[in-house]
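In: Turn this into a structure:
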Amino acid sequence: MELDHEAEGDQPRWTIAAYTSPVGELHWQARFCPRTPVEVVMAVADHLTSSLDHHPDARYDALLWEGRPLDAAVHLTVEDADPPWRETALGSDFTRADGTGGIHLPVQVSGSAVTVPGAVVWGGPRGYEHLRWQAEFTTHCPNALVIAALTEVVEPQPAERLRGQVPAAHVPQVRIGARPTRSAAATAHGLHRPSEGTTPAPAATDPPSPGGERRHR
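Out: Take a look at the predicted model:
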């Protein structure tokens, strides 16, 4: 993985690359422009690392390529979306009903061996195409990594942001809610909280010092 701090516009800020060997040729790449939400980048990175942690090789090959063509995997991912996604006649583009996200698949040119390389997952506010983010996946990139990015668009989960981190063009299309309080978050994670009306236990103390004083921790 490579991070380019100086990337601008549509240049890749994050790049995940695989090589045929430690000193071999490039096999595939996944590239993310600076506007790509961190959740999309992390979904791809997490799926890759967790898959590579499985052995033998046949196991992580199955986790990455899923044994089905990319277009079939995309159909399976978007078919239960609510509301349904729109599909082009060629089946090469799938778009959210509200036009805020989509995926473009490689297209085989009829009567030619030429194929538009890779797949592109994108998102952004309606009416501001220049503010879209995009994640590009070259040919031979594992299908599961493309699907991991696409799932973040099909089923977006709440994301934590400071108010100033939400671009003005996005504000009309997001719902903003308060972050859970620390006590609520502790309860959600199964941490113990005394019930209301329960007298808290006294603070732990060290044994009395020679002078008769207690030191509170």
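
In: and the most centrally placed residue in the chain, what element?
Out: The centroid of the chain falls nearest to Val40 when counting by Cα atoms, centre = their mean (2.3 Å). Under the criterion of DSSP states H and E, Val40 resides in helix 38-52.

In: Output the contacting helices and strands for that helix.
Out: strand 14-19, strand 26-32, helix 57-65, strand 133-137, helix 143-154 (3 or more Cβ pairs under 8 Å, 6 or more residues apart in numbering; DSSP states H and E). (Glycine included, C-beta is placed from N, CA and C.)

In: Can you list the low-confidence ranges for the protein?
Out: 55, 65-67, 107-117, 182-217 (pLDDT under 70).

In: can you do 80?
Out: By pLDDT under 80, the low-scoring segments of the chain are 54-68, 89-91, 107-117, 163, 176-217.

In: ok, back up a step: quick one: the helices and strands packed on helix 38-52 as TSV, columns for distance to Ile103 and mean neighbour count too.
Out: Converted to TSV, the helices and strands packed on helix 38-52 look like this (distance: least, Cβ to Cβ, whole Å; neighbours: other Cβ atoms under 10 Å):
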stretch	distance to Ile103	mean neighbour count
strand 14-19	18	16
strand 26-32	13	19
helix 57-65	17	14
strand 133-137	9	22
helix 143-154	5	22
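
In: Out of those, the one nearest Gly101 is which?
Out: Gly101 lies closest to helix 143-154 among these, at 4.1 Å (Cβ to Cβ).

In: Please enumerate residues in contact with that closest one?
Out: Outside helix 143-154, the residues that touch it by Cβ atoms under 8 Å, 6 or more residues apart in numbering are 16, 30, 37, 39-40, 43-44, 46-48, 51, 63-66, 68-70, 73-74, 77-78, 81, 85, 96, 101-103, 119, 121, 123, 135, 137.

In: Report the inter-axis angle for that helix versus helix 57-65.
Out: Calculated by axes from the mean of the first three to the mean of the last three Cα atoms, to 10 degrees, helix 143-154 forms an angle of 30 degrees with helix 57-65.

In: how far out from the middle of the chain is helix 143-154?
Out: Centre-to-centre, helix 143-154 and its host chain are 8 Å apart (Cα atoms, centre = their mean, to the nearest Å).

In: just the angle between that helix and strand 26-32, please?
Out: Compare the direction of helix 143-154 with that of strand 26-32 by the same axes, to 10 degrees and you get 10 degrees.
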